[in-house]
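Visitor: Can you look at this prediction? I've put the sequence above it.
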Amino acid sequence: METKQRNQILGVLFVGVLMGALDIAIVGPALPAIRSQFQVSERLLAWIFSIYVLFNLISTPLMARLSDQFGRKWIYILDVSLFGIGSLIVALSTSFEMVLFGRAVQGFGAGGIFPVASAVIGDTFPPENRGRALGLIGAVFGLAFIIGPIIGGVILVITTWHWLFLINLPIALVVILLSLRVLPAHRAEVRRSFDTWGMLVLAGLLACLAWGLNQIDTAHFFSSLVSMQVLPFLVAFIVLLLVLVWVEQRVKDPLLPPYLFNRRQLTLAYVLSTGAGIGESSLVFMPLLAVAALSAFGVTQKSASFLLMPVVLAMSVGSPLAGRMLDKFGSRLVILFGTAIMSLGMFLLGTFASSMALFIVSGALIGMGMSALLGAPLRYIMLNEANATERTVAQGVVAIFTSTGQLLGSALVGAVAASGASLSNPAAGYSLAFEMIGILSIVLILISFLLKTQLQERQTVQQNLKKSGVPMSVK
C-alpha cells in the first residue's frame with residue numbers, strides 16, 4: 001500500500017474518532033439547557049453522560065470482535081452510522097427518555113469507532129509506522145477535551161443545544177462516504193473468541209451499581225442505603241461481581257484476565273484509573289455549577305462552558321510536563337503530586353464556587369492534577385509492569401476501569417447534587433458533589449503512596465528485559 005493511501009485511511013479514521021470523542025466533552029455545555037427544557041432532576045440529568053459511557057463500554061469489545069468476523073470497513077461504517085442516528089434522535093427529542101435513548105445509541109456506535117480504527121492501523125501500516133499512527137489517533141481524545149468546550153460554547157452562543165448533536169450528521173455522512181472509498185475490507189486472519197458472558201455480567205453489575213449510587217440520598221445516607229430504591233441494586237451488584245469472577249476464571253479469552261490482577265502495581269493502576277474516570281466525569285457538570293453559582297457575574301447557560309477553559313489549558317500544559325517528569329522522578333511522585341493538586345482544586349471549587357477568581361484557579365488546579373492520571377503516568381506503569389504479550393490486554397483493562405470511573409462518577413455527582421440542592425442556594429448540591437470528589441481524591445493520594453519507588457520501577461524493567469533476553473543496567 002502506498003504512503004498516500006495510508007495517509008488517506010489515517011485521515012478518515014482521525015475524523016471518525018474525533019467525532020465520537022467530542023461527544024464526551026461537548027455534552028457538558030448542553031446540560032443546563034437540557035435540564036431547563038425538560039425540567040428533570042440532577043439525578044436523571046446525570047444519566048445523559050452515564051448511559052453514553054455504559055453503552056460505549058459494552059460496544060467496545062463487541063465491535064472489535066465483529067470487525068474480526070465481518071471486516072473492519074463495514075463495522076467502522078456501522079459504528080459511524082449508529083453514532084449519527086443517535087445524534088439525530090437526541091436532537092429531535094421531544095422527551096427526556098428520548099434523549100437518553102439517543103445517547104445510548106450514540107454511545108454504542110462510538111464504542112466501536114476507536115478499537116476498529118486501531119485494528120485498521122494494525123492491518124495497513126508497517127510496524128515501524130504503527131506507533132506514530134496510533135499515537136495520532138490516541139491524541140484525538142485529548143484534542144477533543146480541549147476543543148469540545150470551545151465548540152460547545154460557540155454553538156450555544158449562536159443557536160440552541162440541539163445543534164451540538166445535529167452538527168454530527170454532515171460529519172458522519174462525509175466519514176461514511178470516504179470510508180466506502182478508502183478503507184480496506186480486511187478481516188482478521190486469526191479470529192479471537194469473545195467473552196460474551198463476561199461483557200454482559202460486567203455491564204449488568206455496573207448498571208446496578210451506578211443506578212444504586214444515583215438513588216442514594218446523602219442527606220439521609222444510612223436510611224437510603226436500606227431503601228428499596230437502593231438496596232436491591234447494591235445486592236445485585238455484589239452477586240453479579242461474584243458471578244463475574246467465576247466467569248472470568250473459566251473462559252478462554254477473558255475480558256478481565258485474572259493474571260493481570262496478581263501484581264500490586266497493576267491493581268493500584270486500575271484503582272487510580274477508576275479515580276481518574278470519576279474526576280473526569282465530574283468536569284462535565286462544571287457548567288451547571290457555574291450557572292448556579294456565578295449568575296451574579298453574568299454567567300448564563302450559553303457562556304458557562306467557557307469556564308472549562310482553565311481546566312483545558314492546564315491539562316494541555318500538564319500532560320507533556322507529567323510525561324517529562326516520569327523519567328526524572330518516577331510514576332509515584334508524579335501521581336502523588338497530581339492527585340494532591342487535583343484534591344486541592346476540587347475542594348476550592350466546591351467551597352468557593354461563587355467566587356469567579358477562585359472558580360478559575362480551582363479549574364486550573366484540577367486540570368493540572370488530572371494530567372497525572374489521564375496522561376502518561378498510568379500508561380508508564382502498564383508498560384513497566386506488563387510484559388510484551390500482556391500490554392495490549394492490560395491497556396484495555398485500564399480503559400475499562402477508566403470508563404467505570406466515569407460511569408460511577410456521574411451517578412455519584414447526580415446523587416449528591418440532588419440531595420444537597422435547595423431553593424435558597426441552587427449551587428449547594430453541586431458544590432457538595434465537588435467536595436465529595438475532593439475527599440475521594442485524598443483516598444487516591446493515600447493509594448499513590450503504595451506505588452513502587454523509582455528504583456523499584458527500574459528494577460522491574462530490568463527483570464522484564466532479562467526475561468526477554470535484553471539485559472539492562474539499573475542506575
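Guide: That came in fine, so what should we check first?
Visitor: count of neighbours near V284?
Guide: 25 (other CB atoms under 10 Å). Quick note: C-beta positions are derived from backbone N, CA and C, even for glycine.
Visitor: does it really touch V27, like I thought?
Guide: Yes. In this structure, V284 is within contact of V27 by CB atoms under 8 Å, at 6.4 Å.
Visitor: So for those two, which residues contact both of them?
Guide: F49 (CB atoms under 8 Å, 6 or more residues apart in numbering).
Visitor: Which of the three states applies to L255?
Guide: coil (DSSP: H, G, I helix; E, B strand; the rest coil).
Visitor: so it touches G198, yeah?
Guide: Yes. If you go by CB under 8 Å, L255 and G198 touch, sitting 4.1 Å apart.
Visitor: So for these two, which residues contact both of them?
Guide: E248.
Visitor: Starting from F194, give me the distance back to the residue nearest the centre of the chain.
Guide: Central residue of the chain (CA atoms, centre = their mean): S403, 4.9 Å from the mean position. S403 sits 18 Å away from F194, going by CB to CB, to the nearest Å.
Visitor: number of nearby residues for F70?
Guide: 13.
Visitor: contacting residues around A418?
Guide: 41-43, 217, 429.
Visitor: quick one: contacts for the closest residue to S87 other than its chain neighbours?
Guide: Closest residue in space to S87, ignoring its immediate chain neighbours: N168 at 3.9 Å, by CB to CB, 6 or more residues apart in numbering. Listed by CB under 8 Å, 6+ apart, the contact set of N168 reads 19, 23, 83-84, 87.
Visitor: Most widely separated two among the residues you listed?
Guide: Comparing all pairs in the contacts of N168 by CB to CB, the longest separation belongs to D23 and G84, at 11.2 Å.
Visitor: do you know how far L213 is from P310?
Guide: L213 is 28 Å from P310, where distance means CB to CB.
Visitor: Between those two, point out the one with more neighbours.
Guide: Between L213 and P310, L213 has the larger neighbour count (other CB under 10 Å), namely 24 against 21.
Visitor: The more buried one reaches L408, doesn't it?
Guide: Yes. The pair L213 and L408 passes the contact test of CB under 8 Å, sitting 6.3 Å apart.
Visitor: Show me which positions of the host helix or strand of L412 end up buried.
Guide: Secondary-structure assignment from DSSP states H and E places L412 in helix 391-420. Under the neighbour-count criterion of 16 or more other CB atoms under 10 Å, helix 391-420 has 393-394, 396-420 buried.
Visitor: Any idea how far that helix is from the middle of the chain?
Guide: Distance, stretch centre to chain centre, for helix 391-420: 7 Å (CA atoms, centre = their mean, to the nearest Å).
Visitor: average model confidence for the very next helix or strand once past it?
Guide: Sequence order places helix 428-448 as the next helix or strand after helix 391-420, per DSSP H and E. Across helix 428-448, pLDDT averages out at 91.
Visitor: ditto for stretch 185-201
Guide: Rounded mean pLDDT across stretch 185-201 is 73.
Visitor: Setting the sequence-adjacent residues aside, check what's closest to G405.
Guide: Using CB to CB, 6+ apart, the nearest residue to G405 is G277, at 2.2 Å.
Visitor: Name the helix or strand for M228, please.
Guide: Per DSSP H and E, there is no helix or strand for M228.
Visitor: Please report phi then psi for it.
Guide: Main-chain torsions, M228, degrees, to the nearest 10: phi -70, psi -10.
Visitor: which ones are touching Q249?
Guide: Counting by CB under 8 Å, 6+ apart, Q249 has contacts P258.
Visitor: Just want the phi and psi numbers for it.
Guide: Torsion angles, degrees, to the nearest 10, at Q249: phi -80, psi -10.
Visitor: ok, now I216?
Guide: phi -70, psi 140.
Visitor: okay, it: pLDDT?
Guide: For I216, the predicted pLDDT is 86.
Visitor: what about it, how many residues close to it?
Guide: Neighbour tally, I216, other CB under 10 Å: 24.
Visitor: was I right about it contacting A415?
Guide: Yes. Between I216 and A415 there is a contact under CB under 8 Å: 4.9 Å.
Visitor: ok, and for stretch 69-79, which residues are buried?
Guide: So stretch 69-79, judged by 16+ other CB under 10 Å, has buried residues 71-79.
Visitor: Save those residues as a markdown table, and put in secondary structure and pLDDT too.
Guide: Below are the buried residues of stretch 69-79 laid out as a markdown table (DSSP: H, G, I helix; E, B strand; the rest coil; pLDDT from 0 to 100):
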| residue | secondary structure | pLDDT |
| --- | --- | --- |
| G71 | coil | 80 |
| R72 | helix | 82 |
| K73 | helix | 86 |
| W74 | helix | 88 |
| I75 | helix | 88 |
| Y76 | helix | 88 |
| I77 | helix | 91 |
| L78 | helix | 93 |
| D79 | helix | 92 |
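Visitor: I'd like these laid out as CSV, including distance to S316.
Guide: Listed next are the buried residues of stretch 69-79 as CSV, based on distance: CB to CB, whole Å:
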residue, distance to S316
G71, 37
R72, 31
K73, 34
W74, 36
I75, 33
Y76, 29
I77, 32
L78, 33
D79, 28
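Visitor: biggest separation within the residues you listed, which pair?
Guide: G71 and D79 (12.6 Å).
Visitor: Quick check: helices, which of the contacts of A418 are part of them?
Guide: 42-43, 429 (DSSP state H).
Visitor: So which of those residues is the closest to H162?
Guide: Distances from H162 to the ones in helices among the contacts of A418, taken by CB to CB, are shortest for E42, at 21.6 Å.
Visitor: residue contacts, that closest one?
Guide: Taking CB under 8 Å, 6+ apart, one finds 35, 288, 413-414, 417-418, 421, 429-430 in contact with E42.
Visitor: ditto for V116
Guide: 63-64, 67, 72, 75-76, 79 are the contacts of V116 under CB under 8 Å, 6+ apart.
Visitor: can you list these in a markdown table and add distance to Q106?
Guide: Formatted as a markdown table, the contacts of V116 follow (distance: CB to CB, whole Å):
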| residue | distance to Q106 |
| --- | --- |
| M63 | 14 |
| A64 | 18 |
| S67 | 19 |
| R72 | 21 |
| I75 | 17 |
| Y76 | 16 |
| D79 | 11 |
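Visitor: just curious, which of those is nearest to L373?
Guide: A64 (25.0 Å).
Visitor: circling back to that earlier point, quick check: pLDDT value at the residue nearest to G405.
Guide: So, for G277, pLDDT stands at 88.
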